[in-house]
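Peer 1: Quick one, structure for this:
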Amino acid sequence: MKQATVIGAGLAGCEAAWQLASRGVPVTLIEMKPEKYTPAHRSAGFAELVCSNSLRSDQLTNAVGLLKEEMRQLGSLIMRCADETRVPAGGALAVDREAFSARVTQAVRSHPLITVEQREASELPETDAVIATGPLTSDALAEKIAALPGLETLNFYDAAAPIVSGESLDMSRVFRQGRYGRGDDYLNCPMTREEYMAFYQALLTAQKAEVHGFDGTQVFEGCMPIEVMAARGEMVMAFGPMKPVGLTDPRTGREPFAVVQLRAENREGTMYNLVGFQTRLKWGEQKRVFSMIPGLEHAEFLRYGVMHRNTFLHSPGFLDETYQVISRPGLYFAGQMTGVEGYVESAASGMVAGISLARRMLGLPAVDFTRRTAIGALAHHVSGATGDFQPMNANFGLIEPCEKRIRNKQERYGAVAARALDTIEALRSNPLACDFDRTLARPEG
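Peer 2: Got it, this is the predicted structure:
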């Protein structure tokens, strides 16, 4: 049996390698850590989460919640490990980062058909392969990728939010509550109008760290630095990550003017992420400005926010709906570099690429998940979007609508989700179409 190559042991690469090996295909997984680190990574483990520990909503009436359930039904390693290491986060799926990475690393390293090589890959493989080197692809490999026929490579920058120590918070000023009474997994730092305006003014004048090649416009809207958001208008933050809707300050019995939410980074609640506070402020400025937030006056910052490069492909017309390079069959891409945005979406692209390459190597026809599923709709968007192609999260706008018109949004999304899961089940139960549930027989020779 021929060997497949997967480059990159992030969420997408680990999922791709797992799907290949689960179907009897031997895999060489190449990962440059710990020999070499990117500016954003710190751990030697696989599937390291950088920006946040949240995999977002777990509700089926939310597109990413549906995507996660589809992946569970298809035997996702990433979803299994996430479910096993989850921490309280209301209706969202958040994980203990270290435990999650350790669980994925152990599973991948212990698989008998996966061989891990710890080195930097600077050349494109000549054999069947999945490239999942992520938004921080090394310059040497990025140069080779950029030379592939028909490809335009784009660059922009992502931002990561700070993490503070739980024991350093002033709980006399912070209250625990979920929006609209949905649990109590979030800590809330309420602000009066006066406190908000002082914070807003401080953000406008705070010093920013220099990032090579960053001009203030190359920011993906879904991961916008808080200071860039403030510069767009004094109330933009109050209608964004600092919106107070659905929350009641128990000290006043009223909705605050604005709120900063904190989400637990681990089960013990010793670390908290400032939700939506990605930033490129200098570290000293982060300490000064973010300490103006009620309850964070004496906060211990365990990690400051950072900016980092994000490279992605102009995938429409370059990749097909299985993430395969059209001009070079047998070469697949997966992860954020394809133009999917988010942890779950990255893992989902790795799942499709891994399954697709396995079927190709086993002499089986490719599977089209169709636009009726979240996982398929995302792949179809990446391969066939028109206009100005930009990174995209999973959303119901990508999924083929139901034939029957349903006015109520939640009922409509529920119907789309039910049809999507029925579609996945039909694929799983039809071995000629997919055969997800058992190791595929290897063809002779």
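Peer 1: could you pull out the helices for the stretch 51-200 of the chain?
Peer 2: Assigned by DSSP state H, counting those that start in this stretch, the helices in the stretch 51-200 of the chain fall at 63-73, 77-84, 97-110, 139-146, 193-205.
Peer 1: Buried deepest among those helices, which one?
Peer 2: Neighbour counts (mean count of other CB atoms under 10 Å) averaged over each of those peak at helix 63-73, with a mean of 24. Yep, even glycine has a C-beta here, placed from its N, CA and C like the rest.
Peer 1: Residues in contact with that helix: which ones?
Peer 2: Contacts with helix 63-73, where a contact means CB atoms under 8 Å, 6 or more residues apart in numbering, come from 55-60, 78-80, 83, 93, 342, 344-345, 347-348, 351, 373-375, 378, 393-396, 398-399, 413, 416-417, 420-421, 424-425, 428.
Peer 1: From the chain's centroid, how far away is it?
Peer 2: 13 Å (CA atoms, centre = their mean, to the nearest Å).
Peer 1: go on, stretch 109-119?
Peer 2: 24 Å.
Peer 1: Okay, now the unreliable bits of the protein?
Peer 2: Residue ranges of the chain with pLDDT under 70: 37-42, 153-159, 211-222, 308-309, 431-445.
Peer 1: quick revisit: which ones among the contacts of helix 63-73 lie within strands?
Peer 2: Counting by DSSP state E, the contacts of helix 63-73 place 55, 56, 57, 93 in strands.
Peer 1: now those in JSON lines, with distance to residue 161 and neighbour count?
Peer 2: Converted to JSON lines, the ones in strands among the contacts of helix 63-73 look like this (distance: CB to CB, whole Å; neighbours: other CB atoms under 10 Å):
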{"residue": "55", "distance to residue 161": "15", "neighbour count": "27"}
{"residue": "56", "distance to residue 161": "14", "neighbour count": "23"}
{"residue": "57", "distance to residue 161": "18", "neighbour count": "20"}
{"residue": "93", "distance to residue 161": "18", "neighbour count": "23"}
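Peer 1: okay, those residues in TSV with distance to residue 307 next?
Peer 2: Shown next, in TSV, are the ones in strands among the contacts of helix 63-73 (distance: CB to CB, whole Å):
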residue	distance to residue 307
55	22
56	22
57	26
93	26
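Peer 1: so which of the residues you listed would you say is closest to residue 120?
Peer 2: Residue 120 lies nearest to residue 55 out of these, by CB to CB, at 28.2 Å.
Peer 1: who's in contact with the closest residue to the closest one other than its chain neighbours?
Peer 2: Excluding the flanking residues, the one nearest residue 55 by CB to CB, 6 or more residues apart in numbering is residue 93, at 4.4 Å. Neighbour list for residue 93: 54, 55, 56, 57, 58, 68, 82, 83, 86 [criterion: CB under 8 Å, 6+ apart].
Peer 1: want to throw these into CSV with distance to residue 383?
Peer 2: Conversion of these to CSV gives the following (distance: CB to CB, whole Å):
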residue, distance to residue 383
54, 27
55, 24
56, 23
57, 25
58, 27
68, 22
82, 26
83, 29
86, 32
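Peer 1: what's the closest of the residues you listed to residue 278?
Peer 2: residue 54 (12.8 Å).
Peer 1: are any of the contacts of helix 63-73 buried, and which?
Peer 2: Buried members of these, counted by 16 or more other CB atoms under 10 Å: 55-60, 78-80, 83, 93, 342, 344-345, 347-348, 351, 373-375, 378, 393-394, 396, 398-399, 413, 416-417, 420-421, 424, 428.
Peer 1: And the ones in strands among the contacts of helix 63-73, which two are furthest apart?
Peer 2: Farthest pair in the ones in strands among the contacts of helix 63-73 (CB to CB) is 55 and 57. Separation: 8.7 Å.
Peer 1: what do those two both touch?
Peer 2: With contacts defined as CB under 8 Å, 6+ apart, the residues shared by residue 55 and residue 57 are 64, 92, 93.
Peer 1: What are the contacting residues of stretch 163-178?
Peer 2: 90-91, 184-190, 247-251, 262, 264-265, 269-274, 294-303.
Peer 1: Now do the strands in the stretch 201-350 of the chain.
Peer 2: Counting by DSSP state E, counting those that start in this stretch, the stretch 201-350 of the chain has strands at residues 258-264, 271-274, 301-303, 306-313, 331-333.
Peer 1: out of the ones you listed, deepest packed?
Peer 2: Note that of the strands of the stretch 201-350 of the chain, strand 331-333 is the most buried (mean count of other CB under 10 Å), with a mean of 27.
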